[in-house]
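Undergrad: Turn this into a model:
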Amino acid sequence: MTYSKELLRKLAPLCELTLYSSDLDTNLLKKVVFEATKVDELAPVVISTYPQFVPAVKHAISKDAKTLISTVVAWPKGDGCEEAIRAEIYNAVEYYKVHEVEYVIDYSYNLLLDQMEKVIDEISRVKSLVGTQTILKVVLEIEEVRELPKIASLVRCAILGGADFIVTCTGKSGHCLSPEKLQSVLTEIAHAINGETPCDKEVAAGTDEELLKELHIYCEECFNSGSLVLPNRLRHLQTRHVGLKLQGGVSSIETAMGFIRQVERSLGDEFTSSSVTFRIGSSTLHPLIIDEVMGLDNELRIVHTLGIKQSTYGEVEDTIQDELYSSRNESSKVPSPQIEESEEVGEDNLRNISQKNISNLNSETKTSLNSEGSKAIPIEYMLN
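TA: Now for the predicted structure:
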């Protein structure tokens with residue numbers, strides 16, 4: 001199915017380019033980021049990556065781009081100790097100066113009465129550490145949660161804890177986002193927007209009338225004695241706007257559009273029209289959009305084709321350098337800085353040599369890719 005370029009131009013700024021590969025090469029990363037942000041109107045709203053890659057991303061973002069930087073905390077299972085999480089947040093916010101933080105909550109809780117309070121308190125603590133100037137995105141990993149009511153409770157916990165965005169998955173669990181589980185998330189967000197979310201303890205109590213009765217008595221006693229610090233936590237939320245980031249297997253434009261239509265049915269067209277409330281996180285979707293709208297440089301298509309490993313990129317550069325040395329002087333190699341400054345190796349020669357070697361590499365790689373049943377997708381930066 002084909003989509004108009006006008007539609008794709010609107011979709012591109014809603015994308016978060018997620019670079020979560022631990023094997024990333026810094027030079028390749030910089031090239032990826034620059035290519036993704038060089039056209040401002042098509043640049044992703046956020047580039048999200050590991051803390052150690054943040055400096056390289058900052059350096060590579062095009063100077064005219066408005067793209068923000070995000071990093072992760074308690075990644076990818078939400079099982080870090082409190083001290084470690086505190087240190088990660090400090091490094092992200094104070095040292096790396098990121099604009100947004102993604103915090104993974106531990107989804108192994110049964111979300112009983114006491115555990116739900118614990119989850120809310122954890123998220124509240126993280127929000128206080130992150131601060132009001134930094135966006136907090138809470139990752140729920142909903143595809144690892146079997147029960148739909150538990151997903152709903154996780155969303156409520158995130159909202160009550162102060163999340164600015166709900167993120168559906170880490171993208172690392174091996175499961176793709178499903179419409180059924182997404183609908184549970186959308187229902188709870190709609191309740192929050194409309195001010196209909198019930199209090200956390202009543203939600204955890206479920207339909208047990210006796211427990212609910214005891215809970216109401218407890219709330220009334222606390223309120224009358226002045227010991228109820230946060231009455232809204234035990235009543236109903238006021239109208240609350242929270243954003244949604246879809247993540248987890250959203251690797252094609254068709255898949256993305258299907259989820260967008262589902263979100264629009266629950267939350268309206270206005271919700272999906274702004275990156276303030278709606279985003280899609282993927283390592284492949286944004287490159288696909290760029291390819292559809294503008295096309296990609298042939299050299300970059302080959303280097304970043306699915307299946308070519310990061311080490312191959314370095315091998316291509318080494319081969320190109322060897323060609324340059326031999327064309328400059330067959331008997332002796334000249335250091336690369338002199339080659340860059342030399343007028344004898346012209347720009348056309350460099351392009352011809354680059355295209356020749358990368359084309360050879362592509363022809364050698366294509367056979368092995370097809371033999372394994374992989375489809376070589378000519379996109380610019382398929383990293384994960």
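Undergrad: What ranges does the stretch 51-200 of the chain have for its helices?
TA: Along the stretch 51-200 of the chain, the stretches classed as helices by DSSP state H, counting those that start in this stretch are 54-60, 82-90, 113-130, 148-161, 179-193, 200-205.
Undergrad: With respect to residue 240, which of the ones you listed lies nearest?
TA: Closest approach to residue 240 among the helices of the stretch 51-200 of the chain is made by helix 179-193 (4.6 Å; Cβ to Cβ). In this view, the C-beta of every residue, glycine as well, is placed from N, C-alpha and C.
Undergrad: Now do the closest one: which elements does it pack against?
TA: Where contact means 3 or more Cβ pairs under 8 Å, 6 or more residues apart in numbering; DSSP states H and E, helix 179-193 is packed against helix 148-161, strand 243-247, helix 253-267.
Undergrad: To residue 3, which of these lies closest?
TA: With Cβ to Cβ as the criterion, residue 3 lies closest to helix 253-267 of the helices and strands packed on helix 179-193, at 6.0 Å.
Undergrad: picking that back up, of all the helices of the stretch 51-200 of the chain, which lies closest to residue 254?
TA: Nearest to residue 254, of all the helices of the stretch 51-200 of the chain, is helix 179-193, at 13.7 Å by Cβ to Cβ.
Undergrad: Contacts only, for residue 61.
TA: Residue 61 makes contacts with 33, 34, 37, 47, 67, 69, as judged by Cβ atoms under 8 Å, 6 or more residues apart in numbering.
Undergrad: Quick one, which of those are buried?
TA: Using 16 or more other Cβ atoms under 10 Å as the burial test, those include 33, 37, 47, 67, 69 as buried.
Undergrad: would you list those residues in TSV and tack on pLDDT and distance to residue 258?
TA: Formatted as TSV, the buried ones among the contacts of residue 61 follow (pLDDT from 0 to 100; distance: Cβ to Cβ, whole Å):
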residue	pLDDT	distance to residue 258
33	92	28
37	92	27
47	97	25
67	96	26
69	97	29
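Undergrad: Make TSV out of the residues you listed and add distance to residue 285.
TA: Below are these laid out as TSV (distance: Cβ to Cβ, whole Å):
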residue	distance to residue 285
33	16
37	15
47	13
67	15
69	18
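Undergrad: circling back: could you identify which of the helices and strands packed on helix 179-193 is most buried?
TA: The highest mean neighbour count among these, using mean count of other Cβ atoms under 10 Å, belongs to strand 243-247: a mean of 24.
Undergrad: Just confirm residue 182 contacts residue 166, I think it does.
TA: No. Using Cβ atoms under 8 Å, residue 182 is not in contact with residue 166, being 10.5 Å away.
Undergrad: re the thing from before, output the contacts of residue 61 as a markdown table; include the columns distance to residue 152.
TA: As requested, the contacts of residue 61 are exported to a markdown table (distance: Cβ to Cβ, whole Å):
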| residue | distance to residue 152 |
| --- | --- |
| 33 | 37 |
| 34 | 41 |
| 37 | 37 |
| 47 | 31 |
| 67 | 33 |
| 69 | 31 |
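Undergrad: wait, what's in contact with the residue lying closest to residue 279 once chain neighbours are set aside?
TA: In space, and not counting its chain neighbours, residue 279 is closest to residue 245: 4.5 Å by Cβ to Cβ, 6 or more residues apart in numbering. By Cβ under 8 Å, 6+ apart, the contact list for residue 245 reads 16, 137, 165, 166, 167, 168, 278, 279, 280, 281.
Undergrad: Look up how far residue 260 lies from residue 245.
TA: 13 Å (Cβ to Cβ, to the nearest Å).
Undergrad: so where's the chain uncertain?
TA: 22, 109-114, 195-239, 296-384 (pLDDT under 70).
Undergrad: can you map out the strands along it?
TA: Remark: strands assigned in the chain by DSSP state E are 15-19, 46-49, 68-73, 100-104, 135-139, 165-167, 243-247, 278-282.
Undergrad: Find the pair from the contacts of residue 61 with maximum spatial separation.
TA: Using Cβ to Cβ, the two most remote members of the contacts of residue 61 are 34 and 69, lying 14.1 Å apart.
Undergrad: Pull the contacting residues for residue 169.
TA: Each residue near residue 169 by Cβ under 8 Å, 6+ apart is listed here: 139, 140, 141, 142, 143, 175, 177, 247, 248, 249.
Undergrad: Could you find the closest non-adjacent residue to it?
TA: Excluding its sequence neighbours, the residue lying closest to residue 169 (Cβ to Cβ, 6+ apart) is residue 248, at 3.1 Å.
Undergrad: and the gap between that neighbour and residue 26?
TA: Computed as Cβ to Cβ, the residue 248 to residue 26 distance reads 27 Å.
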